[in-house]
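Colleague: Fold the following and give me the result.
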Amino acid sequence: MTPVAFGVVVALVALALLFDFLNGFHDAANSIATVVSTGVLKPGQAVAFAAFFNVVAIFVFGLHVAATVGKGIVDPAIVDADVIFGALGGAIVWNVVTWWLGIPSSSSHALIGGIVGAGIAKAGPGTLVGDGLLKTVIFIFASPLLGFILGSLLMVAVSWICRRSSPLRVDRRFRRAQLISAGLYSLGHGGNDAQKTIGVIWLLLIAAGIAPAGAQMPPTWVIWSCYLAMGTGTLLGGWRIVRTMGQRITKLKPVGGFCAETGGAITLFMASSLGIPVSTTHTITGAIYGVGSVRNPSAVHWGLARHIVIAWIFTIPVTALIAAALYALARAFS
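Modeller: As a prediction, the model looks like this:
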């Protein structure tokens, strides 16, 4: 590689880590909104708690999601620095806009949309890898549905098991239990989301000839830097979205927070084991709605769901368009 090309790679790795940081910052609400809204942890305690488990996930999960993002969305053979720039740029722009508006959109699908848009701009739709893209699209709908179903079923089961206990005793028990469920959810959050950026950097290194195309895993420094960047973003938190997730959908008690987080964690663990890059935002939102629908359907702000779903629907196509435009811009100056 020439010094200029190496400099471009360094700049794009830095941009990818910035996206990873913003992913943690944007999606911190997914991990901490329930424990903050139920009063189990103070905001500062909650973000430190979530960030810790985001990073610990490095020891728990394999790199199946990273492999899907790195090799299963677009053909790695067409990827170059301009494609990576377009993909990351589109995702970052969308993340910043939705964070500013307080909309819990998906950082994961913003990145997928960016890869798709830049890949199509470079080589047309034939460059897309059908299997990886199909399972990602399916889980746009499946992950919130699974979160909703699991959250609802857990809420029903816990309500039946604790039917003879006093509300005060139930509240006290689940304040402690919610620390376990929040830890598990943060673990799943880190295990799925950090790997998406690992996949992008891996793809970049392969395209630059730094990593061999047949490598079974990326360099260790890539894995650690992505997990740490995301954990740092979570530590600083995204308070605008915390309010939407933890307070505006429905008022949660510790038992509801436990059920929502546990249902979301099960979904994330399953998706990560299958190598499916899912939206942690979609998952926990569906679980919160599921819990709220069991406890008191009239207290759930169903109208807010419409705005959230609209953001979900537009995430991939909008980020794809932004990424395609940024790819064209980068191409013009390269």
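Colleague: Helices of this structure, residue ranges please.
Modeller: 3-37, 43-56, 64-71, 81-101, 107-123, 130-161, 167-207, 220-236, 239-243, 254-273, 280-295, 302-333 (DSSP state H).
Colleague: of all those, which lies closest to G214?
Modeller: helix 167-207 (9.3 Å; Cβ to Cβ). C-betas here are computed from N, CA, C, even on glycine.
Colleague: elements contacting that closest one?
Modeller: Contact here means 3 or more Cβ pairs under 8 Å, 6 or more residues apart in numbering; DSSP states H and E; on that basis helix 167-207 packs against helix 3-37, helix 43-56, helix 64-71, helix 81-101, helix 107-123, helix 220-236, helix 254-273, helix 280-295.
Colleague: By mean pLDDT, which helix or strand of this protein comes out lowest?
Modeller: Lowest mean confidence among the helices and strands of the chain (mean pLDDT, DSSP states H and E): helix 239-243, at a mean of 54.
Colleague: Go through the helices of the chain and find the least confident stretch.
Modeller: The weakest mean pLDDT among those belongs to helix 239-243, with a mean of 54.
Colleague: From G286, how far off is the residue nearest to L154 when sequence neighbours are not counted?
Modeller: Excluding its sequence neighbours, the residue lying closest to L154 (Cβ to Cβ, 6 or more residues apart in numbering) is C259, at 4.0 Å. Separation of C259 from G286 (Cβ to Cβ, to the nearest Å): 12 Å.
Colleague: Common neighbours of these two, please.
Modeller: G151 (Cβ atoms under 8 Å, 6 or more residues apart in numbering).
Colleague: Quick one: end-to-end length of stretch 93-112, please.
Modeller: Taking Cα to Cα, to the nearest Å as the measure, stretch 93-112 stretches 14 Å from start to finish.
Colleague: Sorry, wrong one. I was asking about stretch 163-170.
Modeller: Per Cα to Cα, stretch 163-170 runs 9 Å from first to last residue.
Colleague: Check which residues of it are buried.
Modeller: V170 (16 or more other Cβ atoms under 10 Å).
Colleague: Stretch 98-116 too?
Modeller: Buried-residue list, stretch 98-116, by 16+ other Cβ under 10 Å: 98-99, 102-116.
Colleague: just stretch 223-238 next, same as before
Modeller: Buried, per 16+ other Cβ under 10 Å, within stretch 223-238: 223, 225-235, 237-238.
Colleague: got those residues as CSV, with distance to V56 columns?
Modeller: Listed next are the buried residues of stretch 223-238 as CSV, based on distance: Cβ to Cβ, whole Å:
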residue, distance to V56
I223, 13
S225, 16
C226, 14
Y227, 9
L228, 12
A229, 15
M230, 12
G231, 9
T232, 14
G233, 16
T234, 12
L235, 14
G237, 18
G238, 21
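Colleague: Return the member of these nearest to D193.
Modeller: D193 lies nearest to M230 out of the buried residues of stretch 223-238, by Cβ to Cβ, at 6.3 Å.
Colleague: Hmm, I120 is touching L128, no?
Modeller: Yes. Under the criterion of Cβ atoms under 8 Å, I120 makes contact with L128 at 7.3 Å.
Colleague: So which of those two has more stuff around it?
Modeller: Neighbours were counted for I120 and for L128 using other Cβ atoms under 10 Å; I120 has more, 20 against 17.
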